[in-house]
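Participant: take a look and give me a structure for this.
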Amino acid sequence: MTVDEELNVLESQLRRLKIEYEVFFSNPQKRPPTDVEWKVLAMLRKFSDGGRLSFSQRFRYNEMAQRYAIYSDLWRKKARIREEGYRRPQDALLSVQGVRPEEHVPEHKVYGLGHLSADGSVSDRLAEDQPFVVHCTDPGAERDKVEKLFIALTGAKKKAGENTSGSLESFTSFVQKKTEQIRKQHGCKSVEYSVDVTGGKVKLTAKAKA
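Facilitator: So this is what the prediction gives:
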């Protein structure tokens, strides 16, 4: 199996893990999906040194490692609520929406690589060389794309020392409105969003795509 194929498996397992945790928290008889989580952690450990990864593969791996860190902290928070028997409506509605990555201190080692240049040195200029790009047609139905864009933007801002306040929920609302505005204005099918760094400043740009 090639590295890209293994990263595809990791992404698939991470998506499955998220779904199984949602089922677990909605059904008190379910057991936590520890077997799937173990597989995800094993693959994150496998690639954590970055030795086998190309430039683009490192970027993709980092994005998945950051996404797992956000999800896992949320799951632990929900598990504590479940164990302590809280039944407030706001507890039951805990979800990825509204969670700010900077509010969480991971309770386990988070696997992830620094952004590495071709010679293996740490580089803060990744976004200048290779912006993170997604295409959105209907952000409301494309949650995975919006989450990835949010994580990429937050990660870039952290590296640049910029303010990272703001929730995924408010960001999703912004992307939804922006996409509708650009599609209506230009009569286009989709909108391209990109996160890059220019002159040490993080930029989120949106442009019409046919």
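
Participant: quick one: find the helix or strand in the protein with the lowest mean pLDDT.
Facilitator: Of all helical and strand segments in the chain, the minimum by mean pLDDT, DSSP states H and E falls on helix 126-129, at a mean of 41.

Participant: show me what the helix or strand just after that helix pairs with in its sheet, parallel or antiparallel.
Facilitator: Where DSSP states H and E defines the elements, the next helix or strand beyond helix 126-129 is strand 132-136. Using DSSP bridges, the strands paired with strand 132-136 are strand 190-198 (antiparallel).

Participant: quick one: name whatever helix or strand follows the partner strand.
Facilitator: Past strand 190-198, the next helix or strand by DSSP H and E is strand 201-209.

Participant: could you dump that following strand to CSV, C-alpha only?
Facilitator: Extracted in CSV, the C-alpha atoms of strand 201-209 (Å, rounded to 0.1, in the frame of the first residue of the first chain):
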residue,chain,number,x,y,z
LYS,A,201,-0.1,37.7,7.4
VAL,A,202,-2.8,35.0,7.1
LYS,A,203,-5.3,35.6,4.3
LEU,A,204,-8.6,33.8,3.6
THR,A,205,-9.7,34.6,0.0
ALA,A,206,-12.9,33.6,-1.9
LYS,A,207,-13.4,33.7,-5.6
ALA,A,208,-15.9,32.5,-8.1
LYS,A,209,-15.3,29.2,-10.0
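
Participant: helix, strand or coil for Lys78?
Facilitator: helix (DSSP: H, G, I helix; E, B strand; the rest coil).

Participant: from what I see, it and Phe25 are in contact.
Facilitator: Yes: the criterion here is Cβ atoms under 8 Å, and Lys78 meets it with Phe25 at 5.5 Å. (Glycine included, C-beta is placed from N, CA and C.)

Participant: quick one, what contacts the residue nearest the centre of the chain?
Facilitator: Centrality entry for the chain: nearest residue to the mean C-alpha point is Arg67, 3.7 Å, by Cα atoms, centre = their mean. Contacts for Arg67 were tallied using Cβ atoms under 8 Å, 6 or more residues apart in numbering; they are 14, 147-148, 151.

Participant: okay, now the domains of this structure?
Facilitator: Split into domains by automatic domain parsing, the chain comes to 1-123, 125-210.

Participant: what distance separates the shortest one from the centre of its chain?
Facilitator: Right, the one you point to is domain 125-210. Taking the mean of its C-alpha atoms, domain 125-210 sits 12 Å from the chain's own mean (Cα atoms, centre = their mean, to the nearest Å).

Participant: please shift the residue numbers so they start at 432 in all later answers.
Facilitator: Noted, 432 is the first residue going forward, which turns the last one into domain 556-641.

Participant: hang on, the earlier thing: any idea which of the domains of the chain is most buried?
Facilitator: domain 556-641 (a mean of 16; mean count of other Cβ atoms under 10 Å).

Participant: spit out the contact partners of Leu584.
Facilitator: 563, 602, 626, 633, 635.

Participant: then Leu441?
Facilitator: 471, 474-475, 478, 492, 495.

Participant: again, only this time at 7 Å
Facilitator: 471, 474, 495 (Cβ atoms under 7 Å, 6 or more residues apart in numbering).

Participant: per-residue pLDDT, it?
Facilitator: Leu441 carries a pLDDT value of 93.
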